[in-house]
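Q: Starting from these lines, generate the structure:
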Amino acid sequence: MNKPLRILFVTKSPPYPHTIGGNQRSALIYRALAQHGSVDLVLAIRRSELPDSHIDILERDYNLKACSPLCPPGKRGLWRLIRPLHPSFVDRLAQHAGSVKASYKQDPFLSAQVEEIWRTGKYDLFVGRSLSVFKQAGGDVLHPNALDVDDMATDVYRSRLSSPQSSLLESIVARYHLVQARRSLKKAFACCDLAWLAKEEDRRETGPTRVRVLPNVPWENDGPVQPAASAGEAEDPEIPGGKERCGREGPAALNQTVLIVASFYHKPNVEGMDHFLRHCWPEIRQAVPGGRLRVGGTGIENRRAVSWGAHPGVEVLGFVKDLDKEYAACAFTIEPVYWGGGTNIKVLESLAHGRTCVVTRFGQRGYEDVLRHGDSLWVAETDQEMVEGCIRLLTDTDRREGLARQGRRLVEKHFSRQKFFDVVAESITVLTGRGGVGSGCKQSSGGTRP
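A: Presented below is the predicted three-dimensional model:
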């Protein structure tokens, strides 16, 4: 059997906790890599940004070797001359008005630390998550290497231009950055040996670099996601949509609860939620007076919780400890997102839990070939179609449950954890000429569970 590989993994998104989509992808990559050897972790963030309890888990289960924050945008180039006047403001200004190329320049401190760890650890493979982290960590000079890009910069800027929430100034800035990103990306990709992309269409930005599509998959805590109970048969009577609200002997159609779960640290999710509540929910509520919307997720600011909760029928939950219970209690979910990068994992998560989803055309991106309108999802091109979809699924039980059944079947077939692991395994074989699980890999709850 092959000697187990030694792999160095550098990312800005910690593989723990698993409450954010970016963290989940990091954890999946880590676990896939750990099937082939021992994986050491470097986080491109400040150690103080994480609670001590998280650091303990990352050191114990993910072999955390170091935390090294990236250089703030305001410390690059001439911005550093005015940064002392107002560091946070200058950082934001440099982020939006500065050169995109600066994001792909080597960070002296991070790259020096990574190079030292690489040299002393005698690693067989370097893996970097996000192109900016890969370049700033000096991954382009460490070979063989693999790069994971689930949020393509050009994708973010291009979608920002077409977003209904974009102001004139935001559109101008996005166009400026898009031009710069197009010039920078292919040159940056040329430095990696193999790249993983979240969706097929991102290939157009990579040039001749070897590419494998590594799609997002729904997160599984302790094995395959279990389907939720029938929409009219939720087990918890305290949750709207549960048995008491539906009536223990009443039809499932009485479930009029809609759910959204998202990370509201992510600006596109915040703007999408604002837009949905202003332009869609009032008409939905008028057509279905008993309709309820439950908003769950991390990063909801207090002022937004108050604003969103002021809408009739809306309840802001904040962080949800038991997602299975929430999915079981809802009729379907929504994903009102109009711009950003990568793909929307929550769409897959909803279908894996047996709940269809009303999504924008943007929210469907990356899944179009498998998850189609009227087959597994309701895909809305306009606000009116979003309204129509929500009303239709709130009042037509057979339709929504048919979409949900087909959606779950397709997710199980096309977006499984095993398929994710298989792409990583094939990539490792290409890069190192070695495949299969090596003996002597460190066994840990974080790194080796399939």
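Q: For residue 172, give its distance to residue 77.
A: To residue 77, residue 172 is 21 Å away according to CB to CB, to the nearest Å. Just so you know, the C-beta spots here come from the backbone N, C-alpha and C atoms, and that holds for glycine as well.
Q: cool, and residue 64?
A: 31 Å.
Q: Looking at these two, which has the bigger crowd around it?
A: Under the neighbour definition other CB atoms under 10 Å, residue 64 and residue 77 were set side by side, and residue 64 has more, 23 against 14.
Q: Would you mind confirming that that one makes contact with residue 54?
A: No. Judged on CB atoms under 8 Å, residue 64 makes no contact with residue 54 at a distance of 9.7 Å.
Q: who's residue 333 bridged to?
A: Judged by DSSP bridges, the bridge partners of residue 333 are residue 259, residue 357.
Q: Tell me how far it lies from residue 6.
A: From residue 333 across to residue 6, the span is 41 Å (CB to CB).
Q: So for these two, which sits in the more crowded spot?
A: The neighbour count for residue 333 versus residue 6, taken as other CB under 10 Å, is higher for residue 333 (24 against 16).
Q: Just confirm the more buried one contacts residue 257, I think it does.
A: No. With contact defined as CB under 8 Å, residue 333 and residue 257 do not form a contacting pair (10.1 Å).
Q: So the closest residue to residue 147 other than its chain neighbours versus residue 205, what's the distance?
A: With CB to CB, 6 or more residues apart in numbering as the criterion, residue 147 has its nearest non-adjacent residue at 4.2 Å, and that residue is residue 192. With distances defined as CB to CB, the gap from residue 192 to residue 205 amounts to 13 Å.
Q: Please identify which of the two sits among more neighbours.
A: Higher neighbour count among residue 192 and residue 205: residue 192, with 26 against 22, using other CB under 10 Å.
Q: Would you list the phi and psi of that one?
A: In this entry, residue 192 is assigned phi and psi values of phi -110, psi 150 (degrees, to the nearest 10).
Q: Mind picking out the helix or strand in this structure with the poorest mean pLDDT?
A: The helix or strand of the chain with the poorest confidence is helix 243-246; it has a mean of 38 (mean pLDDT, DSSP states H and E).
Q: for the stretch 351-450 of the chain, what spans make up the strands?
A: Chain-ordered strands for the stretch 351-450 of the chain, with DSSP state E, counting those that start in this stretch as the definition, fall at 357-360, 378-380.
Q: which of these sits most buried?
A: Highest mean neighbour count of the strands of the stretch 351-450 of the chain: strand 357-360, a mean of 28 (counted as mean count of other CB atoms under 10 Å).
Q: per-domain residue ranges of this protein.
A: Residue ranges for the domains of the chain, per automatic domain parsing: 5-70+107-217+416-432, 243-414.
Q: Can I get the ones you listed in JSON lines including distance to residue 96?
A: Putting these into JSON lines (distance: least, CB to CB, whole Å) gives the following:
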{"stretch": "domain 5-70+107-217+416-432", "distance to residue 96": "6"}
{"stretch": "domain 243-414", "distance to residue 96": "12"}
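Q: out of the ones you listed, which comes closest to residue 89?
A: Closest to residue 89 of the domains of the chain, according to CB to CB: domain 5-70+107-217+416-432, at 15.9 Å.
Q: Tell me the gap between that closest one and the middle of its chain.
A: Between the mean C-alpha point of domain 5-70+107-217+416-432 and the mean C-alpha point of its chain there is a distance of 12 Å (CA atoms, centre = their mean, to the nearest Å).
Q: and that domain, how far apart are its ends?
A: In domain 5-70+107-217+416-432, first residue to last residue: 9 Å (CA to CA, to the nearest Å).
Q: what would the strands of the stretch 351-450 of the chain look like in a markdown table with mean pLDDT?
A: What follows is the strands of the stretch 351-450 of the chain, written out as a markdown table (pLDDT from 0 to 100):
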| stretch | mean pLDDT |
| --- | --- |
| strand 357-360 | 97 |
| strand 378-380 | 98 |
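Q: Tell me which of the ones you listed sits nearest to residue 130.
A: Of all the strands of the stretch 351-450 of the chain, the one in closest proximity to residue 130, counting by CB to CB, is strand 357-360 (24.4 Å).
Q: Dump the C-alpha coordinates for that closest one into CSV.
A: C-alpha atoms of strand 357-360 as CSV (Å, rounded to 0.1, in the frame of the first residue of the first chain):
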residue,chain,number,x,y,z
CYS,A,357,-37.4,25.5,-3.0
VAL,A,358,-38.6,28.6,-4.7
VAL,A,359,-35.5,30.2,-6.1
THR,A,360,-34.4,33.0,-8.3
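Q: what distance separates that strand from the middle of the whole chain?
A: For strand 357-360, the separation from the chain centroid amounts to 16 Å (computed by CA atoms, centre = their mean).
Q: what's the neighbour count on residue 10?
A: Neighbour tally, residue 10, other CB under 10 Å: 29.
Q: Can you give me every residue that contacts it?
A: Contact analysis of residue 10 by CB atoms under 8 Å, 6 or more residues apart in numbering lists 41-44, 114, 126-129, 133-134, 137, 139.
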